[in-house]
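# Quick one: sequence plus predicted model below, questions after.
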Amino acid sequence: MERTGPTVRLSGLLAACTAAVLAAGALVATAPAASAADVDVARNGGFESGLDGWSCTAASGAVVSTPVHGGTKALKATPAGSDNAKCSQSVTVKPNSRYTLSAWVQGSHVYLGATGTGTTDVSTWTQSSGAWKQLTTTFTTGPGTTSVSVYTHGWYGTPAHYVDDLTLVGPGGDPVTLPAVPAGLRTTAVTSSSVALSWNAVPGATGYHLYRGGTRAATVTGNSATVSGLTASTAYSFQVSATNQAGESAKSAAVTATTTAGGGGGGAQLPARALVGYLHSSFANGSGYTRMADVPDSWDVINLAFGEPTTVTSGDIRFSLCPVAECPNVESEAQFKAAIKAKQAAGKKVLISIGGQNGQVQLASTAARDAFVTSVSKIIDTYGLDGLDIDFEGHSLSLNTGDTDFRNPTSPVIVNLISAVKTLKAKYGSGFVLTMAPETFFVQLGYQFYGSGPWGGQDPRAGAYLPVIHALRDDLTLLHVQDYNSGPIMGLDNQYHTMGGADFHIAMTDMLLAGFPVAGDTSRVFPGLRPEQVAIGLPASSQAGNGHTPPAEVNKALNCLIKKTDCGSYQTHGTWSGLRGLMTWSINWDRFNNEEFSRNFDSYFGN
């Protein structure tokens, strides 16, 4: 959150662009005649059985009935963002044998190839193909090669392409048998909205299907998965099967898990639709100072901005009202406390917000952790507040090199913050309201990048809020990510989304509710939050921050997320009818802008 007026401060990680020069033209070899012993060892190369046997990146692959080269079906694959729409299949082959790979394609820059040959991997491509065109290449397997991967893909930024009648002709490989039924299915973690499971690996399996109540809920290559988006205090039944080129095994014995009770740290005390705003209480800027008593009734949660540390690493948080010299109309301490009590009597929640743009907080030591608990408790007690808002920005949170699993963080600034908040929650009990306002850089960017990465070199702050949110999800009342002051962020559709319109809020919010694999690792899935734990964060006016969204676009976003209408090109992964509401920076800027933001909220929800 910004203490000042409009500034240009992009905290998102801008995607790097790599230029590629493609040579013009490609020679297509004439397929040699197959010998009598040769057979087509590829499975479902005509896509008549859908994508059975094929694995396509993200949501890029689909089977269509037109155009087709042969039969009634063909593959349509669409590159998106950094995804080149690759579809591949593992095929059993014989060692020291020659194979001919062929496929009919339509589109520009379509590739066909094989990897894992044991000799020289091969590929061929066509630069432009307005009509169906055959691509062909050959290879010889190595002395120990028993399987190869054949694939097709397009090129970044190009339109959809089509593939049909793919064959791999050569000596038939040894028969592949169905994998055994997985054993040892068990739960490894349970929250109010998710269940994590694991099972024993099956020899010869290339993947696993996890079922919830008989319906497939996840497909993974490893022997663990997390099912999210569940209802609190509810029993669920799970089974798992193993897959390979021959097909799918029978399902395992069922395991039942019951999600924990919900509550979300005081969430039941909020209205079904809540409006959250930040009040500039300790400083003034171009929006002017607003007294607590003058905060309009529209606001359900009022976050006092800001509590700030005495030094970055002290953990000692201080809060005081704006000085008279800076805010001539500031109320007295007694008037401020009385106004807080009046708001609470009217059902409003008043929280202390820690951090902001200028308040860097690094709890790098246990001493800083303990000072944080002591000083924040003193502020809450002094003003009779309902809870805490964590608005850590800048360099407050980052992940140490080697800290790669959001489920088990090791970085002291992360571990100590989680511990401090749990201590505060235990002290104040179930009614303690906990909210967080991270930037997209620290949350949704984690879909692509997490910390410094497995090999180092990335920004260590990328996705750094994820372990905090995950560890505190059962204590969390509201998460309202700042959908502003952000660079382009990739959504679950593997497209980049840009702030300022409905599309950005739809994609960013859907990620929080559906969950997502962190840094693309399907074995480490951040489970989705409950809809009532999520609000959308926006600037109240164009002066308040970059990425202001006009009311009509705000309403489109709400329509899509709550009603699944007005969604545009992005399709949500659920109908999130329980979405809690909206957050804005700030109450002061909204008053400065004739209360456009809060009036639109009240009008939309009929308040």
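Perfect, I can see it now. Computed from a prediction, not measured in an experiment: that's the story for all the values here.

# Can you check the pLDDT for Ala217?
At Ala217, the model reports a pLDDT of 86.

# any idea how far it is from Gly387?
Distance, Ala217 to Gly387, by CB to CB, to the nearest Å: 34 Å. For the C-beta atoms, the positions are set from N, CA and C on the backbone; glycine is no exception.

# now swap in Asn546 and tell me
Applying CB to CB to Asn546 and Gly387 gives a distance of 29 Å.

# do the same with Leu513
Counting by CB to CB - Leu513 and Gly387 are separated by 23 Å.

# Likewise for Gly204?
53 Å.

# which of the two has more neighbours?
A count of neighbours by other CB atoms under 10 Å puts Gly387 above the other of Gly204 and Gly387, at 23 against 14.

# what residue ranges in the stretch 101-250 of the chain are flagged as low confidence?
129, 173-176 (pLDDT under 70).

# just the strands in it please.
110-115, 122-126, 133-140, 147-153, 161-171, 186-190, 195-198, 207-212, 215-220, 224-227, 235-244, 247-248 (DSSP state E, counting those that start in this stretch).

# Tell me which of these sits nearest to Gln362.
Distance to Gln362, taken as CB to CB, is lowest for strand 186-190 among those, at 28.1 Å.

# Which strands or helices does the closest one pack on?
strand 195-198, strand 255-258 (3 or more CB pairs under 8 Å, 6 or more residues apart in numbering; DSSP states H and E).

# what bridges to the nearest residue to Val190 once chain neighbours are set aside?
Nearest non-adjacent residue to Val190, counting by CB to CB, 6 or more residues apart in numbering: Ala257, 5.6 Å away. Beta-bridge partners of Ala257, counted by DSSP bridges, are Tyr236.

# hang on, isn't Ala257 packed against Thr234?
No: the criterion here is CB atoms under 8 Å, and Ala257 misses it with Thr234 at 9.6 Å.

# Name the residue in the two with the higher neighbour count.
Ala257 (21 against 13).

# OK, contacts around that one?
By CB atoms under 8 Å, 6 or more residues apart in numbering, Ala257 lies in contact with Thr187, Val190, Val195, Leu197, Ala235, Tyr236, Phe238.

# 10 Å - rerun?
Each residue near Ala257 by CB atoms under 10 Å, 6 or more residues apart in numbering is listed here: 186-190, 194-197, 212, 227, 230, 234-238.

# cool, and Leu321?
Leu321 touches 281-283, 289, 291-292, 304, 327, 330-333, 335-336, counting by CB under 10 Å, 6+ apart.

# where does it land on pLDDT?
Note for Leu321: predicted pLDDT of 97.

# So what's the residue count around Gly81?
17.

# cool, and His505?
By other CB under 10 Å, neighbour count at His505 equals 28.

# That one - that's part of a helix, no?
Yes: assigned with DSSP: H, G, I helix; E, B strand; the rest coil, His505 falls within a helix.

# Looks like it contacts Ile489 (just checking).
No: if you go by CB atoms under 10 Å, His505 and Ile489 don't touch, sitting 11.4 Å apart.

# got any residues that touch both of those two?
Joint contacts of His505 and Ile489 (CB under 10 Å, 6+ apart) are Asp483, His497, Met499.

# which among those residues gets closest to Thr477?
Once CB to CB is applied, the member of these that ends up nearest Thr477 is Asp483, at 18.9 Å.

# now Met508, what's its secondary structure?
helix.

# just checking, it touches Phe441?
No: under the criterion of CB under 10 Å, Met508 is not in contact with Phe441, lying 11.7 Å apart.

# Now for the two: what residues contact both?
Shared contacts of Met508 and Phe441 (CB under 10 Å, 6+ apart): Val481, Gln482, Ser486, Ile489.

# now those residues in CSV, with pLDDT and neighbour count?
Below are the shared contacts of Met508 and Phe441 laid out as CSV (pLDDT from 0 to 100; neighbours: other CB atoms under 10 Å):
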residue, pLDDT, neighbour count
Val481, 98, 27
Gln482, 97, 28
Ser486, 95, 27
Ile489, 97, 25
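
# What is the neighbour count of the closest residue to Ile418 other than its chain neighbours?
Of all residues not flanking Ile418 in the chain, Ala471 sits nearest, at 4.6 Å (CB to CB, 6+ apart). If you count neighbours by other CB under 10 Å, Ala471 ends up with 21.

# doesn't Asn416 make contact with Ala471?
No: using CB under 10 Å, Ala471 is not in contact with Asn416; the gap is 11.7 Å.

# Flag the shaky bits of this protein, pLDDT-wise.
2-37, 58-59, 129, 173-176, 261-268, 607.

# now with 50?
Within the chain, the segments meeting pLDDT under 50 span 4-36.

# what are the ranges of the helices in it?
333-345, 366-383, 412-428, 466-471, 502-514, 551-558, 587-592, 596-605 (DSSP state H).

# Adding distance to Ile536, write these out as JSON lines.
Output for the helices of the chain, formatted as JSON lines (distance: least, CB to CB, whole Å):
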{"stretch": "helix 333-345", "distance to Ile536": "23"}
{"stretch": "helix 366-383", "distance to Ile536": "26"}
{"stretch": "helix 412-428", "distance to Ile536": "23"}
{"stretch": "helix 466-471", "distance to Ile536": "16"}
{"stretch": "helix 502-514", "distance to Ile536": "5"}
{"stretch": "helix 551-558", "distance to Ile536": "7"}
{"stretch": "helix 587-592", "distance to Ile536": "15"}
{"stretch": "helix 596-605", "distance to Ile536": "11"}
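
# Kind regards, and thank you for your time.
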